[in-house]
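> with the sequence up front, the predicted model follows.
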Amino acid sequence: MLEESPSIKSLEVSREDLQLKFEIDAILKAGQYLKQICNQTRLQFTVEKREITEWLLNSIRSNEAKAFIRGWLGKKYDYQDFPVMEGIINSLGGWRETNPDFVREVIDILKNANRYQVRRLAFEAGYNIFDDEGYLKEAEQDPSQAIRKWVAGLE
């Protein structure tokens, strides 16, 4: 008789709604925190940015994650952006099966970034995710000596 009670049934739905709301609130707060720390000019523990970015991208829906990533593409990056870009690139491996075209699009944009560190991560991700040696051949032609040395060290 208790199983059929409407009040018990509505209580279960309310718990699910609360749990869903809590998860969404936590994700939104993490996104706001990430935005806040990205705007700080003297953040000592920048590794937090990478970890928070990876967690955020793994926690939100596909379309929201794509929108977040696209918002970071094509910028002029400085050293403070590197941990966020590293978090974005690290999260791309999980998209290989579900959305390889998007992963290639992101990598192709980032391999032309103004910072050699971001370009190197993009070449490395393209090679590791797709087992495509074309990314290594492109990296050999990169203007940065550090990237060319990285490729030479792989051979």
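Received it, and whenever you're ready, just let me know what you need.
> which stretches of the protein have low pLDDT?
Judged against pLDDT under 70, the low-scoring parts of the chain cover residues 1-23, 37-47, 155.
> middle-most residue in it, spatially?
Ile88 (2.3 Å; CA atoms, centre = their mean).
> which residue comes closest to it once chain neighbours are left out?
In this structure, Ile88 finds its nearest non-sequential neighbour in Ile69, 5.5 Å apart by CB to CB, 6 or more residues apart in numbering. Heads up, the C-betas are built off the backbone N, CA and C, glycines and all.
> and the closest residue to Glu140 other than its chain neighbours, how close does it get to Glu133?
What sits nearest to Glu140 in space, not counting adjacent residues and going by CB to CB, 6+ apart, is Val151, at 5.1 Å. Distance from Val151 to Glu133, counting by CB to CB, to the nearest Å: 10 Å.
> compare those two (neighbour count), which wins?
A direct count of neighbours by other CB atoms under 10 Å for Val151 and Glu133 places Val151 higher, at 20 against 11.
> follow-up on the earlier one: okay, and the residue nearest to Ile88 sits in which element?
Here Ile69 sits within helix 62-72, counting by DSSP states H and E.
> relative to helix 62-72, how tilted is the helix or strand following that helix?
On the C-terminal side of helix 62-72, the closest following helix or strand by DSSP H and E is helix 82-91. Between helix 82-91 and helix 62-72, the angle formed by their directions is 140 degrees, by axes from the mean of the first three to the mean of the last three CA atoms, to 10 degrees.
> now tell me what touches helix 82-91 from outside.
Applying CB atoms under 8 Å, 6 or more residues apart in numbering, the contact partners of helix 82-91 are 34, 38, 46-54, 57-58, 65, 69, 72, 77, 106-107, 110, 113, 115, 117-118, 121-122, 125.
> ok, of the residues you listed, which come out buried?
When these are checked for burial by 16 or more other CB atoms under 10 Å, the buried set is 34, 38, 46, 49-50, 52-54, 57, 65, 69, 72, 77, 106-107, 110, 113, 115, 117-118, 121-122, 125.
> okay, and which of these map to strands?
For the buried ones among the contacts of helix 82-91, not one is inside strands, with DSSP state E as the criterion.
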